[in-house]
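K.L.:
Next one to model:
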Amino acid sequence: MKDSRINEMKEYIEKCGTVSMEDLSREFKVSLVTVRRDVSELQQTGLIEKVYGGVRKKSGGNLIAFEEREIRNIDGKMAIGRRAAELVADQDIIFIDSGTTTACVVDFLEGKQVTVITSSLEVIEKAVKLDNIELICVTGIYNKTTNSFAGIDTAEALGKYNITKAFMAASGITIESGITHASPWEYDIKTTAVRKAGQVILMADESKFDAVTLVTYCMLPQVHTVITDVRPSEEFVEYFEEQGIDLQIAGQK
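P.N.:
Here you go, the predicted structure:
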């Protein structure tokens with residue numbers, strides 16, 4: 001019955017293009033919790049993707065250009081960046097992942113004596129303007145889509161450093177598939193950062209939840225803190241509580 005419903009749901013989404021979670025709940029006469037679980041399974045096929053308040057037929061699986069991602073949900077990303085910066089202490093050695101959300105943490109580091117390690121060009125451009133930051137760049141070949149550097153030696157270079165806190169980005173987050181990213185070229189960098197960090201802090205706006213992209217670089221139990229801009233579904237909230245993951249909603253005390 002479940003497999004039949006999921007297949008019918010896939011066909012319904014493909015026919016409608018974009019539908020809300022509530023529409024799916026009414027159409028298939030199941031709870032929103034069941035809809036989210038079914039949608040999560042469908043997302044793993046790569047045929048649909050989550051959008052604000054619902055899902056839509058996926059037009060393609062490539063990572064969206066950095067410039068386009070940068071202007072999406074700016075207020076939410078800045079709020080996440082501000083909250084993340086509150087977790088940074090003097091003398092921390094922090095890794096800042098490539099991404100339009102993670103880069104926002106630099107905007108709120110002024111006055112804190114920290115070492116920043118990164119492969120992100122945007123983070124580099126922001127950090128060089130701050131005298132309080134000691135900057136370490138792990139470079140490689142520049143990728144315009146991610147606005148970052150990666151190469152065969154980049155992860156090895158990163159692995160030489162101690163990291164107190166790693167601020168990580170995501171293209172998608174699910175309980176089943178963990179934290180995923182659309183660029184396989186950064187896989188080794190991200191896994192190395194997670195492995196070396198004393199604390200792993202995930203920075204992701206609400207659009208990343210219930211989405212799956214190309215590669216999984218980290219499972220949720222490896223994360224210490226999740227910072228987002230909108231409270232995720234109760235399924236995520238309960239899971240975070242079970243795993244002892246600190247969920248912080250930016251803009252809320």
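
K.L.:
do you know how far the spatially most central residue of the chain is from Thr34?
P.N.:
Nearest residue to the geometric centre of the chain (C-alpha atoms, centre = their mean): Ala170, 2.1 Å. Using C-beta to C-beta, to the nearest Å, we find Ala170 at a distance of 25 Å from Thr34. Heads up, the C-betas are built off the backbone N, CA and C, glycines and all.

K.L.:
Pretty sure Ala169 sits against Asp97.
P.N.:
Yes. Using C-beta atoms under 8 Å, Ala169 is in contact with Asp97, at 4.5 Å.

K.L.:
ok, those two, which is more surrounded?
P.N.:
Asp97 (28 against 23; other C-beta atoms under 10 Å).

K.L.:
what's near enough to touch that one?
P.N.:
118, 120, 166-169, 190, 193 (C-beta atoms under 8 Å, 6 or more residues apart in numbering).

K.L.:
any chance of those in TSV, with pLDDT, secondary structure and distance to Leu87 too?
P.N.:
TSV is the format used below for the contacts of Asp97 (pLDDT from 0 to 100; DSSP: H, G, I helix; E, B strand; the rest coil; distance: C-beta to C-beta, whole Å):
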residue	pLDDT	secondary structure	distance to Leu87
Thr118	98	strand	17
Ser120	96	strand	18
Ala166	98	strand	11
Phe167	98	strand	9
Met168	98	strand	13
Ala169	96	coil	16
Lys190	97	helix	19
Ala193	98	helix	16
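
K.L.:
just the residues you listed now: which is nearest Glu242?
P.N.:
Met168 (20.7 Å; C-beta to C-beta).

K.L.:
wait, doesn't that closest one sit right on Ile189?
P.N.:
No. Judged on C-beta under 8 Å, Met168 makes no contact with Ile189 at a distance of 10.4 Å.

K.L.:
what touches both of these two?
P.N.:
In contact with both Met168 and Ile189: no residue, using C-beta under 8 Å, 6+ apart.

K.L.:
Next, the distance between the ends of stretch 195-215.
P.N.:
17 Å (C-alpha to C-alpha, to the nearest Å).

K.L.:
If you count neighbours, what's buried in that stretch?
P.N.:
By 16 or more other C-beta atoms under 10 Å, the buried positions in stretch 195-215 come out as 196-197, 199-215.

K.L.:
Stretch 148-158 too?
P.N.:
148-151, 154-155, 157-158.

K.L.:
Now render those residues as TSV, adding secondary structure, pLDDT and distance to Ser4.
P.N.:
Formatted as TSV, those follow (DSSP: H, G, I helix; E, B strand; the rest coil; pLDDT from 0 to 100; distance: C-beta to C-beta, whole Å):
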residue	secondary structure	pLDDT	distance to Ser4
Ser148	strand	92	43
Phe149	strand	93	47
Ala150	strand	90	43
Gly151	coil	87	47
Thr154	helix	92	46
Ala155	helix	93	44
Ala157	helix	94	51
Leu158	helix	97	47
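
K.L.:
Select, from those, the two members most distant in space.
P.N.:
Top of the distance list for the buried residues of stretch 148-158 (C-beta to C-beta): Ser148 and Ala157, 13.9 Å.
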